[in-house]
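Enquirer: Just the structure for this:
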Amino acid sequence: MTASQVGRTELSVRNPDSIFVNGAWVTASSTTVADVIDSNDESVYYQVASAGFADMDQAVGAARTAFDDGPWPRMTHAQRAEFMRAMATEMEKRSAALADIWPRESGALYVEATQQGATAANILRYYADQAATYQWEEVIPPTRGGNFGLLVREPVGVVGAIIPWNGPLMLAMYKVAPALISGCTLVLKASLEAPGAAYVIAEAAEAAGLPPGVLNVLAADRDVSEALVRDPRTDKIAFTGSTAAGRRIAALMGEKIGRVTLELGGKSAAIILDDADLESAARSLAASECHLAGQVCASLTRLIVTRSRHDEFVDAVTAAFGAKRVGNAFAETSDIGPLATRAQLDRVQGYVDQGLDRGAVLATGGRRPKELDKGYFFEPTVFGNVDNQSVIAQEEIFGPVLTVIPAKDEDEAIRFANDTIYGLNSAVFTADVDRARHVAGQIRAGTVGHNSYRADFGIAFGGFKQSGVGREGGVEGLHAYLEAKTVVLDDIPERYR
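Expert: Model prediction:
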């Protein structure tokens, strides 16, 4: 099956020449359009309106008015939940469109993309259910006078949600859904490389009858995105992307003491202890690195093993990862699809070349497959004998590249795992669950998995150090969209008696 054989009966993005503002599709003030490229064959999939400064101003204004004067923040949580459940149903109806978009824009395998509609719907329903289960108000006896105390959790205000090109739908939904149930209004800013999922979210919001201005959607470049961050009408930014961009957002929001959730880069370590089954560990790590061709911030790409087992483990990883088949994202035979863009292909090749120049041993891969002269494909790549201080061990490559790092012993392996500016994900491979828990307590990362890649948005996801600020997913993901208010009264209001 080729890309041209799936999903092309009609364009999966219905209003690419418009932006969604104040509950309607409107013509962008900017006449600039961006080509959205099919990463499988480098053809133009469609063109999208590249929003300008006036468009962003309009979107933020609509969100601000909807929050200050509109019905959304004044509804009960149960009322908002009904809109969200309707929106979930609309997302499910668009499963075929989402399954077509993600493989073309980002290189995800079609077999994974078919679950996108259901995933988005489940996230919306999960947060809709919090209307009945989350403790939005808590009665707490006052400690400094008064006879009745309340801790009330209220919406933070206008949210700017900025999403990347690799997993735009899920990363958008973990911002949109908790913000909506909390009573916030939003501007959802998509990347120009992969705007399709955000446009489908707008379609679903429109069909569900979300009040005007509650959710506004556009795609824009970095300058216009910065206008969203700088705008004094924006109370909070929720961002997923590079650490460099996150630093810039944090600095700008700091000027107005704005709220931020930053889910940033990673260079995550898997520690393979001496009692681990090397072949099982290799298969697990190779399988997880196939997802999105390694274009995942939480990828376990630093594989740390004791020096005495290094060569055996390199052989095992090479056999497991090198056997993965690279090809069109729609082909049932493909294990790894393309990278998202030409720039990303060049970036990955550049890092591989640096690794070779610095003396790392290339065990497999390292280039674009010879038989695939169209599309942004890259071979599954393994480096052995990698110095933990080298560029390929310290910087985020964002491609199908694994580095095996030898360590003297368990203590040095833990030290190597923590010797990075990042702290997003990690894993410990061992047959001993108590040993796994002990090592997990020493790793400075937002997630530690046992014997597998275990990033879990259902509990909470986020990073230590320069991998971010705050958490997304689960009940923990609600907190960032709420402000805590203390109310102390002289008597008990009737509704609490």
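Enquirer: Need the three-state assignment for Ala161.
Expert: Following DSSP: H, G, I helix; E, B strand; the rest coil, Ala161 is assigned to strand.
Enquirer: Next one, pLDDT for it please.
Expert: The model reports Ala161 with a pLDDT of 98.
Enquirer: Please identify which helix or strand holds the nearest residue to it once chain neighbours are set aside.
Expert: Distances taken as Cβ to Cβ, 6 or more residues apart in numbering place Lys175 nearest to Ala161, at 4.1 Å, with adjacent residues excluded. Where you see a C-beta, it was placed from the backbone N, CA and C, and this is true even at glycine. Lys175 is located in helix 168-182, with elements delineated by DSSP states H and E.
Enquirer: Return the alpha-carbon coordinates of that helix using CSV.
Expert: The C-alpha trace of helix 168-182 is given here as CSV (Å, rounded to 0.1, in the frame of the first residue of the first chain):
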residue,chain,number,x,y,z
PRO,A,168,0.0,17.3,17.7
LEU,A,169,-3.4,15.7,18.5
MET,A,170,-2.6,14.0,21.8
LEU,A,171,-0.5,16.9,23.0
ALA,A,172,-3.3,19.3,22.1
MET,A,173,-5.9,17.3,23.9
TYR,A,174,-3.9,17.1,27.1
LYS,A,175,-4.0,20.9,27.1
VAL,A,176,-7.5,21.6,25.7
ALA,A,177,-9.5,19.1,27.8
PRO,A,178,-8.3,20.1,31.3
ALA,A,179,-8.5,23.8,30.3
LEU,A,180,-12.1,23.4,29.1
ILE,A,181,-13.4,21.5,32.2
SER,A,182,-11.7,24.1,34.4
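Enquirer: Offset the numbering so it begins at 26, please.
Expert: Got it, the first residue is 26 from now on, which makes the last one we talked about helix 193-207.
Enquirer: Can you spell out which helices and strands pack onto it?
Expert: Here helix 193-207 touches helix 102-118, helix 120-131, helix 141-158, strand 173-180, strand 183-187, strand 210-215, helix 221-233, strand 261-265, going by 3 or more Cβ pairs under 8 Å, 6 or more residues apart in numbering; DSSP states H and E.
Enquirer: Tell me where the model's unsure across this structure.
Expert: The chain contains residues with pLDDT under 70 at 26-35.
Enquirer: mind listing what the residue nearest in space to the middle of the chain touches?
Expert: In the chain, the residue lying closest to the centroid (Cα atoms, centre = their mean) is Leu196, at 4.1 Å. Contacts for Leu196 (Cβ atoms under 8 Å, 6 or more residues apart in numbering) come out as 188-189, 265, 288.
Enquirer: Just send the helices and strands packed on helix 193-207 back as CSV, with distance to Thr57 and mean neighbour count too.
Expert: CSV is the format used below for these (distance: least, Cβ to Cβ, whole Å; neighbours: other Cβ atoms under 10 Å):
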stretch, distance to Thr57, mean neighbour count
helix 102-118, 29, 19
helix 120-131, 19, 25
helix 141-158, 28, 20
strand 173-180, 34, 17
strand 183-187, 19, 28
strand 210-215, 15, 28
helix 221-233, 17, 24
strand 261-265, 23, 26
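Enquirer: now these in CSV, with distance to Arg367?
Expert: Shown next, in CSV, are those (distance: least, Cβ to Cβ, whole Å):
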stretch, distance to Arg367
helix 102-118, 31
helix 120-131, 14
helix 141-158, 24
strand 173-180, 41
strand 183-187, 23
strand 210-215, 19
helix 221-233, 18
strand 261-265, 22
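Enquirer: so how far is the helix holding Lys200 off the chain centroid?
Expert: Relative to the chain's own centre, helix 193-207 is displaced by 11 Å; criterion: Cα atoms, centre = their mean, to the nearest Å.
Enquirer: just the angle between that helix and strand 210-215, please?
Expert: If you take axes from the mean of the first three to the mean of the last three Cα atoms, to 10 degrees, helix 193-207 sits at 170 degrees to strand 210-215.
Enquirer: helices or strands next to the helix or strand hosting Tyr70 in the packing?
Expert: Assigned by DSSP H and E, Tyr70 belongs to strand 69-74. With contacts taken as 3+ Cβ pairs under 8 Å, 6+ apart, strand 69-74 sits against strand 58-62, strand 240-244.
Enquirer: any idea how far the closest residue to Ala465 other than its chain neighbours lies from Glu304?
Expert: In this structure, Ala465 finds its nearest non-sequential neighbour in Val473, 3.9 Å apart by Cβ to Cβ, 6+ apart. If you measure Val473 against Glu304 using Cβ to Cβ, to the nearest Å, the figure is 22 Å.
Enquirer: Could you check which of these two is surrounded by more residues?
Expert: The neighbour count for Val473 versus Glu304, taken as other Cβ atoms under 10 Å, is higher for Val473 (22 against 15).
Enquirer: Let me see the domain layout of the protein.
Expert: Annotated domains of the chain cover 28-289+493-510, 293-483 [automatic domain parsing].
Enquirer: Nearest to Arg522 among those domains would be which one?
Expert: Comparison of these against Arg522 by Cβ to Cβ identifies domain 28-289+493-510 as nearest, at 10.0 Å.
Enquirer: chain center to the closest one, what's the gap?
Expert: Distance, centroid of domain 28-289+493-510 to centroid of chain: 12 Å (Cα atoms, centre = their mean).
Enquirer: In a markdown table, list the domains of the chain along with distance to Arg520.
Expert: Formatted as a markdown table, the domains of the chain follow (distance: least, Cβ to Cβ, whole Å):
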| stretch | distance to Arg520 |
| --- | --- |
| domain 28-289+493-510 | 10 |
| domain 293-483 | 33 |
